[in-house]
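Student: predicted model and sequence follow; I will ask about them next.
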Amino acid sequence: MRLSNLQLTPQFVQAVRDAVDVYEIAAGHTRLQRAGRKWKGLCPLHKEKTPSFQVDPELGFFKCFGCGEGGDAIKLHMLLTGDDFAGAMEALAQRFGVPLPAPAAAHRGGRAKSETDLDPEQVLEAAAAWYREQLARSETARRYLERRQIPAALAEQFGLGYAPEGWRHLIQALAGKVPLGDLLAVGLAARPEGGGEPYDRFRHRLIFPIRNGAGRLVGFGGRTLGDDLAKYVNTAETERFHKGQLLYGFDLAKRAIRESRRALLVEGYVDLLGARAAGIEDCVASMGTALTPEQARLLARYADEVVLGYDGDPAGETACRRALPILLGQGLAVRRARLPEGEDPDSLRLKEGAPALRAAVDQAQDFVQTEIDRVVPGDVHRNPHGRSRAGKEIIDLLKAVPDAILRYGYARMAAERLGVPLHLLTPRLELGEGVLRQSLRPPAVPEGASGPVTPGRRGEEEALRLLLLAADRGEGLPPAAELPPAEAFFDPDLRKFFEAFRTLYLAGAVPRLRDVLGAVADLPGADGKAAQLLVESEDSPGAPPLGDALRSLSRRWMRHRLRELHSLISEAQRRGDAADLEALLAEKNAVSAGLHPTAPNARTTGAE
């Protein structure tokens with residue numbers, strides 16, 4: 001049991017609560033399997049044979065339906081370690097990178113660092129409100145947003161502001177409301193290194209409030225509107241603000257990411273706003289710094305796939321290659337959106353229109369496959385030394401892939417490209433027969449569970465549940481012609497349910513649940529699967545309307561089909577098959593039109 005002498009301020013406790021990951025704590029003590037948005041496993045707090053322990057990373061809670069224990073990440077740590085609350089705060093702060101405050105003894109009879117009882121978030125919100133007021137008054141800042149075609153509603157949604165030219169405008173504006181010491185503590189003011197009067201950190205800059213995943217304001221970023229050599233400046237690192245643990249826009253994008261199971265990752269603030277202006281809502285930004293494992297873990301809690309939307313220049317390529325193993329290490333599929341040379345997401349939108357940016361994202365290619373093609377040139381068989389170097393580079397890349405089956409698939413592609421037997425690669429990639437057999441073995445399925453969860457199954461379950469319930473009630477059903485294709489359901493069992501429903505509906509009758517069950521009677525455990533689908537999902541408050549759920553599946557399938565068509569078109573071009581190429585291009589145009597039915601055709605231009 002750890003006894004801590006830390007000063008447990010409300011700000012420090014909240015910073016720890018925001019930083020901890022209940023999934024990571026639980027996964028260190030039991031093997032978890034994804035079950036929709038939740039994770040299930042054997043309870044680490046008592047002995048059991050059937051998994052009854054559930055973790056919900058999105059809400060930050062755990063619950064065991066066997067022993068009855070439940071709570072947040074801090075309570076789970078205390079139960080697992082025996083730490084008291086203060087000791088848990090110290091251990092978790094050190095584990096998740098939250099700076100420790102001074103020991104309690106240092107404050108006894110002394111003066112606290114803050115000059116008031118203001119919470120740091122109150123200080124930041126006061127500054128944010130003032131920055132917003134200045135944006136409304138600044139013609140220069142508003143003209144910049146107009147040139148970048150950032151809609152006023154989007155600027156308001158993200159709380160954009162402006163810091164005017166001058167050294168002490170913020171300090172003077174908040175004087176009497178926020179003491180100078182508080183502005184210094186949250187990184188909005190600074191003192192010269194050689195001493196002297198404090199000054200505003202942000203001057204003549206467009207201001208971007210930065211919020212954590214819970215939506216709490218933790219800092220700011222600022223883009224110069226003048227000739228400052230530092231194009232972007234961020235709040236100084238504080239107890240609340242750790243840039244490497246945050247993703248800009250994540251608080252507003254996480255719902256869209258959860259629904260699409262995809263995240264578009266861009267570099268900067270304006271890139272993100274440009275993507276949002278183009279209608280891409282599942283977008284976040286790493287704020288111009290190299291991607292960190294903490295940011296990748298945050299994405300992996302909501303997404304199955306990350307599309308890299310970094311700049312189309314050598315620096316952007318380098319950043320993508322550095323991010324690739326970090327994302328792969330979290331079990332994420334990684335695709336690269338190919339932007340024209342010298343373009344970033346926002347400049348592409350401004351030059352060629354929003355449809356061009358959406359197309360680049362939708363047609364993003366498997367980045368591991370493209371890296372294999374890059375590392376192994378077509379004439380590698382003529383250069384044994386080059387082949388050896390390429391093989392070593394490929395092995396280093398594939399070691400980051402945690403799934404053995406996926407690693408094996410990429411290894412086969414690499415071996416074929418290298419022109420070497422596969423067995424020369426597999427030992428160095430830990431792909432012996434025993435590893436593969438273990439990976440192929442299906443995970444243990446708890447009683448009443450429907451089996452392994454496939455990517456995107458959560459959205460499929462929700463859509464099918466809403467569809468079956470609407471049909472059984474006889475209300476709220478869309479016309480049969482508006483239903484998505486069966487291929488939109490990637491999970492085979494759920495697809496069978498949907499195919500049965502769709503066949504009955506197209507025949508002219510509104511299918512009742514018993515009719516659907518009769519049509520899938522040959523599916524093992526159909527009654528149990530239906531009951532679980534309808535009952536287990538009842539703990540999902542805030543479910544989307546049926547139409548939205550079905551459209552989300554349709555759009556996911558269309559993005560998937562566009563990627564397939566891109567490869568098929570390339571293959572048809574290589575073969576010189578004109579008839580096949582014409583049919584594929586026609587299908588691609590039809591799918592693109594379905595994915596973006598109201599996409600504007602006008603091209604726009606803009607300036608930095």
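Tutor: Perfect, thanks for sending it. Source: prediction; values computed, not measured.

Student: where in the stretch 1-150 of the chain is pLDDT low?
Tutor: Within the stretch 1-150 of the chain, the stretches with pLDDT under 70 are 1-6, 37, 58-59, 82, 102-118.

Student: show me where it has its helices.
Tutor: Taking DSSP state H, counting those that start in this stretch to define them, one finds helices in the stretch 1-150 of the chain at 10-19, 22-27, 73-81, 85-95, 120-137, 139-147.

Student: can you put those in CSV and add distance to residue 236 and mean neighbour count?
Tutor: Glycine gets a C-beta too; all of them are placed from N, C-alpha and C. What follows is the helices of the stretch 1-150 of the chain, written out as CSV (distance: least, C-beta to C-beta, whole Å; neighbours: other C-beta atoms under 10 Å):
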stretch, distance to residue 236, mean neighbour count
helix 10-19, 15, 18
helix 22-27, 27, 20
helix 73-81, 27, 19
helix 85-95, 19, 19
helix 120-137, 13, 18
helix 139-147, 23, 15
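
Student: not counting sequence-adjacent ones, nearest residue to the residue minimising distance to the centre of the chain?
Tutor: Nearest residue to the geometric centre of the chain (C-alpha atoms, centre = their mean): residue 299, 3.4 Å. Sequence neighbours aside, residue 263 is the residue nearest to residue 299 in space, at 5.3 Å (criterion: C-beta to C-beta, 6 or more residues apart in numbering).

Student: please name the bridge partners of the one you found.
Tutor: Note on residue 263: beta-bridge partners residue 306, judged by DSSP bridges.

Student: correct me, but residue 8 touches residue 89?
Tutor: Yes - the pair residue 8 / residue 89 is scored as a contact, 6.0 Å apart, by C-beta atoms under 8 Å.

Student: nearest residue to residue 346 in space, ignoring adjacent ones along the chain?
Tutor: In this structure, residue 346 finds its nearest non-sequential neighbour in residue 274, 3.1 Å apart by C-beta to C-beta, 6+ apart.

Student: list the contacts of that neighbour.
Tutor: Residue 274 sits next to 148, 150, 345-346, 349-350, 357 when contact means C-beta atoms under 8 Å, 6 or more residues apart in numbering.

Student: hmm, try it at 6 Å
Tutor: 345-346, 349 (C-beta atoms under 6 Å, 6 or more residues apart in numbering).

Student: figure out how far the helix or strand hosting it is from the centre of its chain.
Tutor: Residue 274 is part of helix 269-277 when elements are defined by DSSP states H and E. With C-alpha atoms, centre = their mean, to the nearest Å as the basis, helix 269-277 stands 15 Å off its chain's centre.

Student: quick revisit: columns distance to residue 206 on top of the helices of the stretch 1-150 of the chain, output as CSV?
Tutor: Shown next, in CSV, are these (distance: least, C-beta to C-beta, whole Å):
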stretch, distance to residue 206
helix 10-19, 26
helix 22-27, 35
helix 73-81, 36
helix 85-95, 33
helix 120-137, 8
helix 139-147, 6
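
Student: right, so of these, which gets closest to residue 208?
Tutor: Proximity to residue 208 (C-beta to C-beta) singles out helix 120-137 among those, at 9.6 Å.

Student: contacting residues around the closest one?
Tutor: 11, 141, 161-162, 164, 173, 178, 182, 186, 188, 207, 209, 216-217, 240.

Student: in strands, which of these fall?
Tutor: 161-162, 207, 209, 217 (DSSP state E).

Student: for the residues you listed, work out which two are farthest apart.
Tutor: Pairwise distances across the ones in strands among the contacts of helix 120-137 (C-beta to C-beta) peak at 16.8 Å, for the pair 162 and 217.

Student: the more surrounded of the two?
Tutor: Comparing residue 162 with residue 217 by neighbour count (other C-beta atoms under 10 Å), the higher total belongs to residue 162, at 25 against 22.

Student: who does the more buried one form a beta bridge with?
Tutor: residue 206.

Student: contact partners for residue 500?
Tutor: 516, 519-520.

Student: from the residues you listed, which one has the minimum pLDDT?
Tutor: The pLDDT minimum for the contacts of residue 500 sits at residue 520, where the score is 77.

Student: residue 490 versus that residue, what's the distance?
Tutor: Separation of residue 520 from residue 490 (C-beta to C-beta, to the nearest Å) stands at 17 Å.

Student: how does this protein divide into domains?
Tutor: Listed domain ranges for the chain are 10-107, 120-241, 250-370, 376-438, 456-608 (source: automatic domain parsing).

Student: of those domains, flag the one that's most buried.
Tutor: With neighbours defined as mean count of other C-beta atoms under 10 Å, those peak in mean count at domain 250-370, which reaches a mean of 21.

Student: pLDDT (mean, whole number) over that one?
Tutor: For domain 250-370, the per-residue pLDDT averages 91.

Student: next, give phi and psi for residue 188.
Tutor: phi -90, psi -10 (degrees, to the nearest 10).

Student: identify the residues contacting it.
Tutor: Residue 188 makes contact with 127, 201, according to C-beta under 6 Å, 6+ apart.

Student: do that again at 7 Å, thanks
Tutor: 127, 170, 201 (C-beta atoms under 7 Å, 6 or more residues apart in numbering).

Student: please name the residues that touch the last one.
Tutor: Spelled out, that is residue 201. By C-beta under 7 Å, 6+ apart, the residues touching residue 201 are 187-190.

Student: mind checking pLDDT for it?
Tutor: What the model reports as pLDDT for residue 201 is 93.

Student: ok, residue 222 next?
Tutor: Reading off the model, residue 222 has pLDDT 94.

Student: thought it was touching residue 235?
Tutor: No - with contacts counted by C-beta atoms under 7 Å, residue 222 stays clear of residue 235, the gap being 8.8 Å.

Student: helices along the stretch 151-300 of the chain, start to end?
Tutor: Secondary structure of the stretch 151-300 of the chain by DSSP H, counting those that start in this stretch: the helices cover 152-157, 169-173, 180-185, 250-260, 269-277, 293-300.

Student: with distance to residue 386 added, can I get these in CSV?
Tutor: Converted to CSV, the helices of the stretch 151-300 of the chain look like this (distance: least, C-beta to C-beta, whole Å):
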stretch, distance to residue 386
helix 152-157, 49
helix 169-173, 57
helix 180-185, 56
helix 250-260, 40
helix 269-277, 36
helix 293-300, 31
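
Student: closest one to residue 579 among those?
Tutor: helix 250-260 (34.4 Å).

Student: what's that closest one in contact with?
Tutor: Taking C-beta under 7 Å, 6+ apart as the rule, helix 250-260 contacts 37, 211-215, 263, 281-284, 298, 302-303, 459, 552, 556.

Student: pick out the lowest-pLDDT one from the contacts of helix 120-137.
Tutor: On pLDDT alone, residue 240 ranks lowest of the contacts of helix 120-137, at 76.

Student: contacting residues around that one?
Tutor: 15, 120, 218.

Student: quick one: the last one from residue 123, how far?
Tutor: Using C-beta to C-beta, we find residue 218 at a distance of 11 Å from residue 123.

Student: now swap in residue 313 and tell me
Tutor: Distance from residue 313 to residue 123, by C-beta to C-beta: 38 Å.

Student: can you give me the strands for the stretch 451-600 of the chain?
Tutor: Read by DSSP state E, counting those that start in this stretch, the stretch 451-600 of the chain holds no strands at all.

Student: what about the helices in it?
Tutor: Here the stretch 451-600 of the chain has its helices, by DSSP H, counting those that start in this stretch, at 457-473, 492-506, 513-519, 526-536, 546-575, 578-595.

Student: can I get those in JSON lines with distance to residue 372?
Tutor: Shown next, in JSON lines, are the helices of the stretch 451-600 of the chain (distance: least, C-beta to C-beta, whole Å):
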{"stretch": "helix 457-473", "distance to residue 372": "29"}
{"stretch": "helix 492-506", "distance to residue 372": "29"}
{"stretch": "helix 513-519", "distance to residue 372": "44"}
{"stretch": "helix 526-536", "distance to residue 372": "39"}
{"stretch": "helix 546-575", "distance to residue 372": "15"}
{"stretch": "helix 578-595", "distance to residue 372": "24"}
